[in-house]
Structures are given as structure tokens and as C-alpha cells.
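Asks: Below is the sequence, then the predicted model.
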Amino acid sequence: MMKRIFLLWGCLLLIAMTACEKDTLASIFAPEVETGTAENIYRKGATLSGSIRFSEGMAAESYGILFSKYQSLAESQEMPVTSDETDFSIPVQDLEPNETYYFCSYANSGYSMVRGEVRSFTTSSSNAPVFQTPAVSDTTESSFHITATLLDDGG
């Protein structure tokens, strides 16, 4: 009877030792996204930046910036990157003056979405007029033509 108890305990100990092996870390197949900064902030717009890093075998259906008036990004607008850039800046326009917005970088695989840190910025209430970068054309020895699009009249 004692032999059976020792044998039973030995078997249980052996099973417990083989069943309790160290777990291995799961492989993560999502790209690494990093939320950048909000720059060139004016009454009705800003330029938002971010980056994405892919490891071997990783891909994303789309990636870019999510932004919203809500910190949870529950009703966010998606601004996808349209090139193959991994460090990107996206101009956002038609915002409301003196309003706080939240944004983050994202990558969407088609099945799941990875998000970076959520950051915020506040548009200004009024400022000097804001123009798009001027373009020079029709350059001659004595003249040139400069054009620039008005992005915000400054209020």
C-alpha cells in the first residue's frame, strides 16, 4: 500500500514538473508605431507627424494619423499616408479655432489596429494669416512670379 502511495506521488510529481515549463514570449507581428508632434498649429489646421517601423514579414494595409475632438478617439478621422514613407507628416485642415484635438499614429492590418501614444494640441483663437509655402515661377532676369494659397485668413 505504501509503495502505491509513493508511486502515485512520484507520478504526480513527474507530471507536475513536465507540465510546468516556462512560457515563451509570444511573437508580435504588429509594426511599431510612434506618435510624433503637432507643428505649424494655426486657427484651422496643424501638421501632425508620426512614424512606423516594420520588422521582417510585417505589413500594414494602411497607416497614418487618427485625430478627434475626443481623447478616446471614439469618433476619429483617419488620415492615411499615401506614400511608402515610414516617417510622415500630414497636414490637417478645416479644424475649429480654439479647440483641443487628440491624435495618434496607427497601423491597420485589415484585421486589427495598432495605435501609438495619444497626444493633443489646441488650435489658436486668432492669428496672422497663414499661407501655404510660396511657389516661384516665370523667373527671368528682371522678374519672377510668386503664388501662395491662403490657408487661414487669421480671423
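Replies: Nice, I can see it. Numbers count the residues shown, from 1 in each chain.

Asks: Hmm, Pro129 is touching Leu150, no?
Replies: Yes. In terms of C-beta atoms under 8 Å, Pro129 counts as a neighbour of Leu150; the distance is 6.3 Å. In this view, the C-beta of every residue, glycine as well, is placed from N, C-alpha and C.

Asks: which residues sit in contact with Ser89?
Replies: By C-beta atoms under 8 Å, 6 or more residues apart in numbering, the residues touching Ser89 are Gly36, Glu39, Thr47, Leu48, Ser49.

Asks: Find the pair from those residues with maximum spatial separation.
Replies: Gly36 and Thr47 (9.5 Å; C-beta to C-beta).

Asks: Please identify which of these two sits among more neighbours.
Replies: Comparing Gly36 with Thr47 by other C-beta atoms under 10 Å, the one with more neighbours is Gly36, at 21 against 17.

Asks: Roughly how far does the residue most central in space within the chain sit from Thr123?
Replies: Nearest residue to the geometric centre of the chain (C-alpha atoms, centre = their mean): Ser105, 0.5 Å. Ser105 is 20 Å from Thr123, where distance means C-beta to C-beta, to the nearest Å.

Asks: His145 too?
Replies: 32 Å.

Asks: Could you check which of those two is surrounded by more residues?
Replies: Shown here are His145 and Thr123; by other C-beta under 10 Å, Thr123 has more neighbours (21 against 10).

Asks: So, low pLDDT: which residues of the protein?
Replies: For the chain, the stretches flagged by pLDDT under 70 are 1-29, 127, 152-155.

Asks: Go through the biggest strand by length in it and flag the buried ones.
Replies: With secondary structure taken from DSSP state E, the chain has its longest strand at strand 32-42. Across strand 32-42, burial judged by 16 or more other C-beta atoms under 10 Å covers Val33, Thr35, Gly36, Ala38, Ile41, Tyr42.

Asks: what sits opposite the nearest residue to the last one once chain neighbours are set aside in the beta ladder?
Replies: Leaving out its chain neighbours, the residue that sits closest to Tyr42 by C-beta to C-beta, 6 or more residues apart in numbering is Val130, at 4.6 Å. Beta-bridge partners recorded for Val130 (DSSP bridges): Asp152.

Asks: okay, now Val130: neighbour count?
Replies: Burial of Val130 is recorded as 19 neighbouring residues (other C-beta under 10 Å).

Asks: tell me how far the one helix or strand Met79 maps to is from the chain's mean position?
Replies: According to DSSP states H and E, Met79 maps onto strand 77-80. Taking C-alpha atoms, centre = their mean, to the nearest Å, one finds strand 77-80 lying 10 Å from the centre of the chain it belongs to.
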